[in-house]
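**Q** Here is my input, please return the structure:
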Amino acid sequence: MDLIIDHEENTAPYEQLRRQITDAIVTGDLPAGARLPTVRQLATDLGLAVNTVAKTYRQLEAAGLVETLGRRGTLVTSSVRPGDKAARQAAQIFVAQIRDLGIDADEAVVLVREAFQR
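**A** Sure thing, here's the model as predicted:
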């Protein structure tokens, strides 16, 4: 898994990292049971603050994609559903189109909720 942080990008480093690890899990590049690098090791490798990587790992854990098992490290869970990849791709396309229309995230969420209610 090659993780790259683009410091010129407007997206925060923790979000770039979260997105890349999530994509690797969903595509199977990081299968269930795979061990992630330690927070300190990944921070050193990517030139990030330890807290930045820790925040990413917390978000991944909250999403149910990884679990931290103390000394055993942080492992990928097996809870990724088969449709997750397609759903994430659809969401990325949707967000790109919404941004092109000049609609912000809050408005987009309202539109999605309305669409689900129909």
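
**Q** Please count neighbours and contacts with C-alpha atoms only from this point.
**A** Fine.

**Q** And the longest helix anywhere in the chain, how far out from the chain middle?
**A** Counting by DSSP state H, the longest helix found in the chain is helix 84-100. Relative to its chain's centre, helix 84-100 lies at 14 Å (C-alpha atoms, centre = their mean, to the nearest Å).

**Q** One more: stretch 18-34?
**A** Per C-alpha atoms, centre = their mean, the centroid offset for stretch 18-34 relative to its chain is 9 Å.

**Q** Give the other helices and strands that the worst-scoring helix or strand of the chain on mean pLDDT contacts.
**A** In the chain, no helix or strand scores lower on mean pLDDT, DSSP states H and E than helix 84-100, which sits at a mean of 83. Contacts defined by 3 or more C-alpha pairs under 8 Å, 6 or more residues apart in numbering; DSSP states H and E place helix 84-100 against helix 13-27.

**Q** what's next to the helix it packs on, contact-wise?
**A** 1, 3-7, 30-32, 48, 52-53, 55-57, 59-60, 65, 76, 80, 84-85 (C-alpha atoms under 8 Å, 6 or more residues apart in numbering).

**Q** Can you give me the domain boundaries for the protein?
**A** 13-76, 84-117 (automatic domain parsing).

**Q** so of those domains, which one's packed in deepest?
**A** domain 13-76 (a mean of 16; mean count of other C-alpha atoms under 10 Å).

**Q** Quick one: distance of it to the chain centre.
**A** 9 Å.

**Q** before we move on, back to that, I'd like the next helix or strand past the longest helix of the chain.
**A** As assigned by DSSP states H and E, the chain's next helix or strand after helix 84-100 is helix 105-117.

**Q** could you give the angle of that next one to helix 84-100?
**A** 120 degrees (axes from the mean of the first three to the mean of the last three C-alpha atoms, to 10 degrees).
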